[in-house]
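Colleague: kindly return the folded structure for what I paste below:
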Amino acid sequence: MSRSVLVTGGNRGIGLAIAQAFAEAGDKVAITSRSGEVPEALAKYDVLAVRCDITDAQQVEDAFKEIDEAHGRVEVLVANAGITKDTLLLRMSEEDFSSVLDTNLTGTFRVVKHAAKGMLRLRKGRVVLISSVVGLSGSAGQANYAASKAGLVGFARSLARELGSRNITVNVVAPGFVETDMTAVLGDERRAEILAGVPLGRYAAPAEIASAVRFLSSDDAAYITGAVVPVDGGLGMGH
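Modeller: Below you'll find the predicted structure:
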């Protein structure tokens, strides 16, 4: 059956691929972004694009009202929206640190809290948080980003225990390096350095992350909750 699916940050990169995968499967898909525009890749689907900055609690509340009215209560939430402000610790400002956590971690809290209200009434739901291999293994110059993505693991596992009795699963997907606009700006030397640490020897395609998300949102994954699923080509093994 067609479900009401929300993908935050669904306008590009991994989020776009996830939204497309659910739309192709026939689900009613809503995406949020700061622009509120429908990406060209989603134009052929009946996707609801909602303008929402997840650092603004009122915008999050308004977005859920719009989605609930159009598609019904959210049954599948993919919390993907995030930012980076990479720099070494001694150069990192308070704003560099706090803004990344406010978007990546606190912003996720805001959207999950709203989605959970509806899921509790429905007595079912799927929540998938998009973390990162960096949140598990760390990365020089990304203390803020790594902290935010590591925080998602503790957040998800706490909610898995809290919401499990209502048939709501909460899981984490931890991508490695993915071919997106964010990684396209890396220089050849840095790309080669990264690939040297990836056993599969390549970057992931966004669709490969989307496949893992769709599995965790499916009936086949009904008994999986509190899990951290790495989709990183082996980069983070052991973490």
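Colleague: burial count for Gly82?
Modeller: By other CB atoms under 10 Å, the residues close to Gly82 number 25. To be clear about C-beta, it is placed using only N, CA and C from the backbone, and glycine gets the same treatment.
Colleague: any idea of the pLDDT on it?
Modeller: As predicted, Gly82 sits at a pLDDT of 95.
Colleague: contacting residues for the residue lying closest to it once chain neighbours are set aside?
Modeller: Excluding its sequence neighbours, the residue lying closest to Gly82 (CB to CB, 6 or more residues apart in numbering) is Asn104, at 4.4 Å. Applying CB atoms under 8 Å, 6 or more residues apart in numbering to Asn104 gives the contacts 81-83, 145, 148-149, 151-152.
Colleague: now these as CSV including distance to Ala21?
Modeller: Putting the contacts of Asn104 into CSV (distance: CB to CB, whole Å) gives the following:
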residue, distance to Ala21
Ala81, 17
Gly82, 19
Ile83, 23
Tyr145, 25
Ser148, 25
Lys149, 22
Gly151, 26
Leu152, 21
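Colleague: and the helices in the chain?
Modeller: Counting by DSSP state H, the chain has helices at residues 13-24, 57-71, 94-101, 107-122, 133-137, 143-163, 181-184, 188-196, 206-216.
Colleague: how about these in a markdown table, adding mean pLDDT?
Modeller: Shown next, in a markdown table, are the helices of the chain (pLDDT from 0 to 100):
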| stretch | mean pLDDT |
| --- | --- |
| helix 13-24 | 97 |
| helix 57-71 | 98 |
| helix 94-101 | 98 |
| helix 107-122 | 98 |
| helix 133-137 | 95 |
| helix 143-163 | 98 |
| helix 181-184 | 69 |
| helix 188-196 | 84 |
| helix 206-216 | 98 |
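Colleague: looking at those helices, which is buried most?
Modeller: A comparison of the helices of the chain by mean neighbour count, using mean count of other CB atoms under 10 Å, puts helix 13-24 on top with a mean of 24.
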